[in-house]
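1. take this sequence and fold it.
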Amino acid sequence: MKPKHFSDFAKEERLIEGDKTRIDSILNQEILITGYKIRKSKYKENNSEQYLTVQFEFDGIKKIFFSGSNVLLDQINKYGHEIPFVTTIKKIDKYYTFS
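-> Reported below is the predicted structural model:
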């Protein structure tokens, strides 16, 4: 009997990896969203009590950014199943949005 591979039965969460970057440094530029995670935030000023880690590619380099934006959280909850997708992050007044 041939032994199983660990990957045949273990369904671990995909790792989010890449160089950390500030969301402001990629505003109004096309990026390729390749993954995300939503976690509980330890910061009280975030009304949703969650924060988002987004993995993306920019100029062929894997990067990540963190955000407590309720708009981005809502959009990723609604459209995360479409990943990978190309988007531009816009800042409108005091919030960020995918466009």
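
2. helices and strands around the longest helix along the chain, which ones?
-> Longest helix in the chain, counting residues (DSSP state H): helix 70-79. For helix 70-79, the elements it packs on are strand 30-40, strand 50-58, strand 95-98, judged by 3 or more CB pairs under 8 Å, 6 or more residues apart in numbering; DSSP states H and E. C-beta: built from backbone N, CA, C; applies to glycine.

3. redo those as JSON lines? Include mean neighbour count.
-> Below are the helices and strands packed on helix 70-79 laid out as JSON lines (neighbours: other CB atoms under 10 Å):
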{"stretch": "strand 30-40", "mean neighbour count": "15"}
{"stretch": "strand 50-58", "mean neighbour count": "19"}
{"stretch": "strand 95-98", "mean neighbour count": "16"}
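
4. okay, those in a markdown table with mean pLDDT next?
-> Listed next are the helices and strands packed on helix 70-79 as a markdown table, based on pLDDT from 0 to 100:
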| stretch | mean pLDDT |
| --- | --- |
| strand 30-40 | 94 |
| strand 50-58 | 95 |
| strand 95-98 | 95 |
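
5. among these, which is nearest residue 88?
-> Nearest to residue 88, of all those, is strand 30-40, at 5.5 Å by CB to CB.

6. relative orientation of that closest one and helix 70-79 in degrees?
-> 100 degrees (axes from the mean of the first three to the mean of the last three CA atoms, to 10 degrees).

7. quick check: angle from strand 30-40 to strand 50-58?
-> 160 degrees.

8. perfect, I'm done here.
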